[in-house]
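J.: got a sequence here, can you build the structure:
(2 chains)
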Number of protein chains: 2
Amino acid sequence: MSEFKHVFVCMQRKPPGMPSCGDKGSDQIFMKFQEALMMKGLFNKMAVTPTGCLGPCMFGPNVVVYPDAIWYGNVTPADVEEIIQKHIIEGQPVERLIVSRGKPPGMF
Amino acid sequence: MSEFKHVFVCMQRKPPGMPSCGDKGSDQIFMKFQEALMMKGLFNKMAVTPTGCLGPCMFGPNVVVYPDAIWYGNVTPADVEEIIQKHIIEGQPVERLIVSRGKPPGMF
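T.: Numbering: from 1, shown residues only, chains lettered A, B, ... in the order given. Got it, this is the predicted structure:
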């Protein structure tokens, strides 16, 4: 797997009653990634970018890691350290959080 | 190259006087991608996602295509059709627009 990872965290909020990553706490997840980026000095290993809707809202909070195209679902802030250590640093995706590989979950 | 492409378009706006993709017309670029996605029925070939700041504001508007990790800079709405046809459909990145491969431009 490629050395440099790009982590995308869905920050989308939706109207009341509709599930959304933003309403399920994605800003805390984004903050944890940013914190790790800075505190662990991972600038040459990863970038972290907030996004609008990634699509599979029912699996949110959604995080996708490229170039591996690993889609993580139902991510909590507590999961971020494991994603950083295992996937970003050691190159091993965190199996228990994967909802899809290569494509958005739920697609064909 | 992998069949399914994920196109990220930076939509970030910044305070007056600071360069930003949002101020350089990235919403028209995003719209063009969305239009192609729908009009050409490319749902099983690509996803398009708007993002917050991707980092290299001076190269904006920035578009990055994964899993290929191809960074396009100074993209205009008129470039979108070529990116769709050559890169997304035919699998050949548009060389003249590439500002980096594998990592954000300007990094180490």
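J.: going forward, measure contacts and count neighbours with C-alpha atoms only.
T.: OK.
J.: how distant is the longest helix anywhere in chain A from the center of its chain?
T.: Secondary structure of chain A read by DSSP state H shows that its longest helix is helix A:26-39. Remark: helix A:26-39 is offset 10 Å from the chain centroid, using CA atoms, centre = their mean, to the nearest Å.
J.: counting by contacts, list what it packs against.
T.: Contacts defined by 3 or more CA pairs under 8 Å, 6 or more residues apart in numbering or on different chains; DSSP states H and E place helix A:26-39 against strand A:5-10, strand A:46-51, helix A:80-82.
J.: contacting residues for the residue nearest the centre of chain A?
T.: In chain A, the residue lying closest to the centroid (CA atoms, centre = their mean) is residue A:63, at 2.1 Å. With contact set as CA atoms under 8 Å, 6 or more residues apart in numbering or on different chains, residue A:63 has these partners: A:7, A:8, A:9, A:10, A:71, A:72, A:73, A:75.
J.: rerun at 6 Å
T.: For residue A:63, the contact set (CA atoms under 6 Å, 6 or more residues apart in numbering or on different chains) comprises A:8, A:9, A:72.
J.: for it, which non-adjacent residue is spatially closest?
T.: residue A:9 (4.7 Å; CA to CA, 6 or more residues apart in numbering or on different chains).
J.: from chain B, how far out is residue A:65?
T.: Going from residue A:65 to chain B by CA to the nearest CA, to the nearest Å gives 9 Å.
J.: ramachandran angles for that residue?
T.: phi -110, psi 120 (degrees, to the nearest 10).
J.: that one - how many residues pack around it?
T.: A count of nearby residues for residue A:65, using other CA atoms under 10 Å in any protein chain shown, gives 24.
J.: from residue B:90, how far out is it?
T.: Distance of residue A:65 to residue B:90, given as CA to CA, to the nearest Å: 24 Å.
J.: okay, buried residues for the helix or strand harbouring residue A:100 please.
T.: Using DSSP states H and E, residue A:100 falls within strand A:98-101. Of all the residues in strand A:98-101, those buried under the rule 16 or more other CA atoms under 10 Å in any protein chain shown are A:98, A:99, A:100.
J.: what lies in contact with it?
T.: By CA under 6 Å, 6+ apart, strand A:98-101 touches A:69, A:70, A:71, A:72, A:73, A:105.
J.: what's the burial count for the fifth one?
T.: Translated: residue A:73. When neighbours are counted by other CA under 10 Å, residue A:73 registers 22.
J.: now do the contacts for it.
T.: A:59, A:60, A:61, A:62, A:97, A:99.
J.: how does it look with 8 Å?
T.: By CA under 8 Å, 6+ apart, the neighbours of residue A:73 are A:59, A:60, A:61, A:62, A:63, A:97, A:98, A:99.
J.: residue A:82 and chain B: what is the separation?
T.: From residue A:82 to chain B the distance is 22 Å (CA to the nearest CA).
J.: contacts only, for the closest residue to that residue other than its chain neighbours.
T.: Nearest non-adjacent residue to residue A:82, counting by CA to CA, 6+ apart: residue A:94, 7.4 Å away. Going by CA under 8 Å, 6+ apart, residue A:94 touches A:82, A:83, A:86, A:87.
J.: swap in 7 Å and give it another go.
T.: A:83, A:86, A:87 (CA atoms under 7 Å, 6 or more residues apart in numbering or on different chains).
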